[in-house]
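1. Could you work out the structure for the sequence below:
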Amino acid sequence: MHVFQYRAIDRSGRIHKGAARAISTLDLEARLGKLDLELLGCRKQNIRFPVCMRNGVTRRDLILFCFHLEQTCRVGVPIIESLGDLRDSTGNSHLRDITAVVIATVEGGRTLAEAMQDHPSVFNRIFCSLVRVGEQAGKLAEVFASIGDNLKWQDEQAALTRKLLTYPLFVCTVVLGVVFFLMVYLVPEMLQFIRAMGQAVPLHTRVLIATSGFLISYWYLFLIALVLLVVALFTCMSISPTARHYADVIKLRLPLAGSLYRKIILARITRFMAMMYTSGITIIECIKAGESIAGNSVFENALHRVGKSLVSGESLSEGFAQAEVFPHMALRMIRVGENTGTLEKSLLGICYFYTRDVRESIERLQSMIEPAITLFLGCVIGWIMFSILGPIYELVARVKI
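-> All right, here's what the predicted structure looks like:
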């Protein structure tokens, strides 16, 4: 199959643009005809997958997608009809186009999992693997319910992260704005008055003068240097695996935030593994999936070593213990689950524990961040006011004498 960028017109005369997979132009015309669209023009794309940005389909869209398919499959509606209803009801144009292509692919004789594999920007490898298992076992409704619950959990974790970052970022922006205003506008005016009176300037005031002069003269260089530093760091991490590994190690060792970051990764890995293992996927495949969703090279390498130890005949708990990045509590629960045949319950228990711990840690961090930022702002403004008002107060006192 090829990917075609097309222009089409519907019965009302509205023009539609999009991308679709088809064997040929005639096949594309037939596929669009099923959507009540008439092909106006098309061109073949030199890319492997359809043109669809990852942010074109949000997590909320996928949650509704899974919920719809779960409900319709549970009452026995054929999958093509379920997808057709979803295509006609969704308000996301990207998801609607992709669903239309999936329908055409399934009608062409391929399975639903195979049709979804053509769109990795929306349906990742884990999603497709679970759908394949659900098709083989005849439990598509249960699989979509499990995927939907997992997506809801991811959405909750993203909301917690936003909750942690939004307030500090807002307050820091306000603080920087206030300090910049004081340094650029207020400080020069007040210092000009002090100099005009011939008052001796103390050391802390001279430091303030130097800082204010630097910001007034070179503020743009500071911004350019900051942007270049950020771009260089991201470029280096994207090009060099070694640089990315060192960055991931530093993230895990950060005070307060590093421990929270580790718990988030552990909760994510164990939840995905539990979901896949419960669906009937082998533990080796679960470990490989954990590597792809860890998001940190330290844990990716650790899970890779766990997979190798399983292939060599060692137990799962031994492999995790040898990885040396998983806490003792998680190792004990995995060992108990492995010995009692309830591994999925143990993994879900670990996920529940760390999810709750992450939520409590975020609340504690927020309660610490607020006074810390307030104290920092008070110290900066106090330094500025003391450096300005101190010489003025001394001047007024001399005049009274």
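2. isn't there a helix covering His16?
-> No - His16 is assigned strand when assessed by DSSP: H, G, I helix; E, B strand; the rest coil, not a helix.
3. any idea how far Val122 is from it?
-> Distance, His16 to Val122, by C-beta to C-beta, to the nearest Å: 19 Å. All C-beta atoms are positioned from the backbone trio N, CA, C, and that covers glycine.
4. Those two: which has the busier surroundings?
-> Val122 (23 against 16; other C-beta atoms under 10 Å).
5. how about the closest residue to that one other than its chain neighbours, what does it touch?
-> In space, and not counting its chain neighbours, Val122 is closest to Val57: 4.8 Å by C-beta to C-beta, 6 or more residues apart in numbering. Residues counted as contacts of Val57 (C-beta atoms under 8 Å, 6 or more residues apart in numbering) are 92, 94-95, 98, 121-122.
6. How about Ile362?
-> Residues in contact with Ile362 (C-beta under 8 Å, 6+ apart) are 160-161, 163-164, 260.
7. any weak-confidence spans in the protein?
-> Low-confidence segments of the chain (pLDDT under 70): 1-3, 21, 23, 45-55, 191, 194-195, 197-201, 395-401.
8. mind giving me the domain ranges of it?
-> Following the assignment in automatic domain parsing, the chain carries domains at 2-44, 56-149, 153-237, 257-359.
9. circling back: for ChimeraX, what selects the buried ones among the contacts of Ile362?
-> Only the buried entries of these go into this ChimeraX selection, using 16 or more other C-beta atoms under 10 Å:
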select :160,164,260
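10. biggest separation within the contacts of Ile362, which pair?
-> Lys163 and Leu260 (12.5 Å; C-beta to C-beta).
11. Burial check on Ile250, number of neighbours?
-> Residues near Ile250, counting by other C-beta under 10 Å: 10.
12. Export the contacts of Ile362 as a markdown table, with columns for secondary structure.
-> Formatted as a markdown table, the contacts of Ile362 follow (three-state DSSP):
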| residue | secondary structure |
| --- | --- |
| Leu160 | helix |
| Thr161 | helix |
| Lys163 | helix |
| Leu164 | helix |
| Leu260 | helix |
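13. what are the ranges of the helices in the stretch 301-401 of the chain?
-> Here the stretch 301-401 of the chain has its helices, by DSSP state H, counting those that start in this stretch, at 316-323, 328-340, 343-400.
14. Packed most tightly, which of those helices would that be?
-> Comparing the helices of the stretch 301-401 of the chain by mean neighbour count (mean count of other C-beta atoms under 10 Å), helix 316-323 comes out on top with a mean of 19.
15. so what secondary structure elements neighbour it?
-> When contacts are defined as 3 or more C-beta pairs under 8 Å, 6 or more residues apart in numbering; DSSP states H and E, helix 316-323 sits against helix 297-311, helix 328-340.
16. Could you dump those into TSV with distance to Leu252 added?
-> Formatted as TSV, the helices and strands packed on helix 316-323 follow (distance: least, C-beta to C-beta, whole Å):
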stretch	distance to Leu252
helix 297-311	6
helix 328-340	15
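17. Among those, which comes closest to Val143?
-> helix 328-340 (21.9 Å).
18. hmm, who's touching the closest one?
-> Helix 328-340 is contacted by residues 266, 270, 315-317, 320-321, 342-347, 349-350, 353 when judged by C-beta under 8 Å, 6+ apart.
19. Just the angle for that helix relative to helix 343-400, thanks.
-> Angle, helix 328-340 to helix 343-400, by axes from the mean of the first three to the mean of the last three C-alpha atoms, to 10 degrees: 170 degrees.
20. now helix 328-340, how far from the chain's geometric center?
-> 29 Å (C-alpha atoms, centre = their mean, to the nearest Å).
21. one step back: grab the two from the contacts of helix 328-340 that are most spread out in space.
-> Ser315 and Phe353 (21.8 Å).
22. returning to what we had before: closest one of the contacts of Val57 to Ser240?
-> Out of the contacts of Val57, the member with the shortest distance to Ser240 (by C-beta to C-beta) is Ser121, at 25.1 Å.
23. would the closest one count as being in a helix?
-> No - according to three-state DSSP, Ser121 belongs to no helix; its state is coil.
24. Work out for me the element the residue nearest in space to the middle of the chain sits within.
-> By C-alpha atoms, centre = their mean, the chain has its centre lying nearest to Ala158, at 7.1 Å. Taking DSSP states H and E as the definition, Ala158 sits inside helix 140-181.
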